[in-house]
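> Need a 3D model of the sequence below.
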Amino acid sequence: MLGCRFDPGEAAGHVVRATGADGIQHAGLSEYPQKILDLPSQPGHNTAAKFLLKTLLKRTTLRNRKYVSYVTLRTWSKTIKEHQLGALQIVKVDPDPEFVKAVADEIAQHVRRFFGAPRIGCVVAVPCGHSRRDDCLSVQIARMVADILSVSYVAAFECAPLPGSSHPIKSQYFRAPKLVAELTGDTVLLVDDVATSGRHIETAVNVLREKVSHVTAISWIGAN
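Numbering: from 1, shown residues only. You can find the predicted model right below:
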């Protein structure tokens, strides 16, 4: 269920041939326009990261899943969603620090504007799973958001690598996350990189609510 939207924006609808960390050029992505490659220099930004920052639509949306509300800041461009998904997969293999910083800056700016940073006791990431690493993109973004807001980051959830699809509806391995750390303060900021159905956020919020008074949840990308 979608709620109110703020500051809708559009982005250029171009696609890119992106090269992963393994040096292999991924198929299905076409040439990137030179005017976008000539964006102001940002050290470490690769082509896939630039593509996502340039083309994901800026659309701040309040969403609800059952009794959990969360905010998303960007969404897919329908005409090039397949290419954006491909670029995101490349970025997730080895997230570039400058890309992580750019995403975290967007999230932190929204938190300051709509929630107020002083209210946040600590920042927690939606747990890693199908990425099969304990420093997945959501964790790296959450840590950076905590640094920017000058609050604590807490590795609150167990990282349990899972096989199969990361989509909670398609994955037979999906389960509620396990809390493994003490939380700081009465208000937790829960951060995710992508919220497709919102189920990962919903289950994480419900676990956190057993320990703290308030949970504010935010994801960089939300469904169309």
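> Quick one: the strands in the chain, in order.
2-6, 57-65, 68-75, 122-125, 152-153, 187-195, 214-222 (DSSP state E).
> Tell me which strands the fourth one pairs with, and in which orientation.
Strands that pair with strand 122-125, judged by DSSP bridges, come out as strand 152-153 (parallel), strand 187-195 (parallel).
> Tell me how many other residues surround Val180.
Number of residues near Val180 (other C-beta atoms under 10 Å) recorded here: 12. Every residue, glycine included, has its C-beta placed from N, CA and C.
> Hmm, I typed the wrong one, I wanted Arg175.
Neighbour count for Arg175, taken as other C-beta under 10 Å: 11.
> separation between it and Asp96?
According to C-beta to C-beta, to the nearest Å, Arg175 and Asp96 sit 31 Å apart.
> One more: Ala146?
For Ala146 relative to Asp96 (C-beta to C-beta), the value is 19 Å.
> quick one on the thing from earlier: mean pLDDT and mean neighbour count added to the strands of the chain, as TSV?
What follows is these, written out as TSV (pLDDT from 0 to 100; neighbours: other C-beta atoms under 10 Å):
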stretch	mean pLDDT	mean neighbour count
strand 2-6	34	11
strand 57-65	96	17
strand 68-75	97	22
strand 122-125	96	27
strand 152-153	96	17
strand 187-195	96	25
strand 214-222	96	22
